[in-house]
Structures are given as structure tokens and as C-alpha cells.
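S.K.: quick one: sequence and predicted model below, then my questions.
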Amino acid sequence: MKKSVYDILKGKFLISDDSFKNWRVILFISALAVVMIASSHSADKKVHQIAQMNNEVKELRSAFVEGRSALMRLKMESSIVKKVAEKEIVPSVVPPKKIRVKTQNN
């Protein structure tokens, strides 16, 4: 057992006659490690993109709510009256009347 540990530490398994299969295993494990590292980086990149998009959605939702509330304020009758008062247009004091058109059935 002691000799096999020394052989591994000295690297004899890499230069012996049957070392070709050892090199294949080492290269295979190295390739798997590279694929695993690339996959991990790709997953991290996607997590950062998702976080950035979530922040953008929050900002857009906030802008939408702000725009909707501004529109509601502009649509209020009091704000409309103020805007048209600058042009000397006043609301009517006589309420509107419905006009009904009677049609003749043939």
C-alpha cells in the first residue's frame, strides 16, 4: 500500500506503459469540469438577468401607476373647469336635456 501511494505521488501512473487509459480518464474528468464551470457561469448570468428584469418591471409598473393617477387628476371635472376657465369658457348652468327621436315603424 505504501508503495502504491508513493507511485501516485511521483506520477508513475502517468508515464507507465498502460498510462493511455489513465490519460483518457483524466481528460474526460477535465472536460466534465470545464462543462460544469461553464454551466454554472451561464446559470449565474441568467440569475442576474432575471434580477435586472424584475427591477425594470417594478420601475415600469411604478411609472404606469404614476401616469394613471396623473390622468385621473386631469380627467376630474374641477381640473377641466380650471383649464377651460383660462379660455373664458364656463360650464352651463342649465342642465342638458335628452333628445328622443321617435321612429315610424313600417
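M.R.: Great, that's in hand.

S.K.: next one: stretch 95-104 to chain centre, how far?
M.R.: 54 Å (C-alpha atoms, centre = their mean, to the nearest Å).

S.K.: and the end-to-end length of that stretch?
M.R.: Length of stretch 95-104, first residue to last, C-alpha to C-alpha, to the nearest Å: 29 Å.

S.K.: tell me how far residue 102 lies from residue 96.
M.R.: 19 Å (C-beta to C-beta, to the nearest Å). Backbone N, C-alpha and C define where each C-beta goes, glycine included.

S.K.: ugh, typo on my part, it should be residue 57
M.R.: 44 Å.

S.K.: quick one: which of these two has more around it?
M.R.: residue 57 (10 against 6; other C-beta atoms under 10 Å).

S.K.: quick one: name whatever helix or strand follows the host helix or strand of residue 38.
M.R.: Residue 38 belongs to helix 19-75 when elements are defined using DSSP states H and E. Sequence order places helix 77-85 as the next helix or strand after helix 19-75, per DSSP H and E.
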